[in-house]
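Q: here is the input, now give the coordinates:
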Amino acid sequence: MGGRLRPAALCGAALAVAGGAALAAWAWARLRGRAAPPAAAEQGAGRGRPVLVLGLDGAGKTSVLRSLAAERVGRGLAPTEGFHAVCVGTGETRMEFLEIGGSECLRSYWKMYLPKVLLLIYVVDSADHARLPVAKQLLHQLVQNNPTLPVVVLANKQDLKGAYCITDIHDALALSDIGDERKMFLIGTHVAEDGSEISSSMKDAKELIAQLVLETQ
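A: As a prediction, the model looks like this:
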């Protein structure tokens, strides 16, 4: 197993949530300097157990995944109408992501995959205030029977006008109520509109996810 995660306090780019009501502002600075265990590096960390990516339709799941994989992508992609698999390599590990579409007809499949994954990434549209209660309800239903499954919530589209900040997203999703035993993180993200470059928030998210994969396998 890799070393324990050590968040470094910066400018509130992310929130690490632990111990129920405990809330602290964190940012993820330099995780890339930590070496992967030799066995994990040789075998490909996480191979066979993907990272599951869920969230309502329109939250930006596919754009987030393409940004993680290719580092250049614009918004405006059509919603995923089924399943979408992406492999992302880093200097330390190889991560396999499985996205399931967020339309109502596909949400019944979400729970079926939870026992088979390393961790859950849950993407929410920070500017879609009206559907945050639905996003909250579905997230709580997902994790209620999985008390130790690590969860990374991406408060996406932070660059949009009217987007809730991550503290408001934390409250809207009632993240303090989601168990005391699991590793859980909330990060504000956005994908550049013109796809010209990967945002610093997406770089932070990629490093955090890679470290969690190394520690969870």
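Q: buried ones in the longest helix that the chain contains?
A: Ranked by residue count, the top helix of the chain under DSSP state H comes out as helix 200-216. Within helix 200-216, the residues that count as buried by 16 or more other Cβ atoms under 10 Å are 201-216. No exception for glycine: its C-beta is placed from N, CA and C like everyone else's.
Q: report all helices and strands that it contacts.
A: The contact analysis (3 or more Cβ pairs under 8 Å, 6 or more residues apart in numbering; DSSP states H and E) places helix 200-216 against helix 61-70, strand 94-100, strand 119-125, strand 151-156, strand 184-188.
Q: go through these and pick out the most buried.
A: strand 151-156 (a mean of 26; mean count of other Cβ atoms under 10 Å).
Q: after it, which helix or strand is next? Please name it.
A: For strand 151-156, the succeeding helix or strand toward the C-terminus, using DSSP states H and E, is helix 166-172.
Q: show me what that following helix is packed against.
A: strand 14-18, helix 132-143, strand 151-156, strand 184-188.
Q: at 7 Å instead, please
A: strand 184-188 (3 or more Cβ pairs under 7 Å, 6 or more residues apart in numbering; DSSP states H and E).
Q: the strand it packs on packs against which elements?
A: strand 14-18, strand 151-156, helix 166-172, helix 200-216.
Q: if we go to 10 Å?
A: On a contact count with 3 or more Cβ pairs under 10 Å, 6 or more residues apart in numbering; DSSP states H and E, strand 184-188 meets strand 14-18, strand 22-26, strand 119-125, strand 151-156, helix 166-172, helix 200-216.
Q: angle of the longest helix of the chain against helix 61-70?
A: Here helix 200-216 runs at 80 degrees with respect to helix 61-70, directions being taken by axes from the mean of the first three to the mean of the last three Cα atoms, to 10 degrees.
Q: angle of helix 200-216 against strand 119-125?
A: Using the same axes, to 10 degrees: helix 200-216 against strand 119-125 is 160 degrees.
Q: before we move on, back to that, redo the helices and strands packed on helix 200-216 as JSON lines? Include mean pLDDT.
A: Putting the helices and strands packed on helix 200-216 into JSON lines (pLDDT from 0 to 100) gives the following:
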{"stretch": "helix 61-70", "mean pLDDT": "84"}
{"stretch": "strand 94-100", "mean pLDDT": "90"}
{"stretch": "strand 119-125", "mean pLDDT": "97"}
{"stretch": "strand 151-156", "mean pLDDT": "96"}
{"stretch": "strand 184-188", "mean pLDDT": "94"}
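Q: mind showing which ranges of this structure have poor pLDDT?
A: Within the chain, the stretches with pLDDT under 70 are 1-48, 70-82, 92, 179, 193-197.
Q: show the contacting residues for the nearest residue to Arg107 once chain neighbours are set aside.
A: Spatially, and ignoring its direct neighbours in sequence, Arg107 is nearest to Leu138 (6.7 Å; Cβ to Cβ, 6 or more residues apart in numbering). The contact partners of Leu138, by Cβ atoms under 10 Å, 6 or more residues apart in numbering, come to Leu54, Gly55, Leu56, Gly102, Arg107, Trp110, Tyr122.
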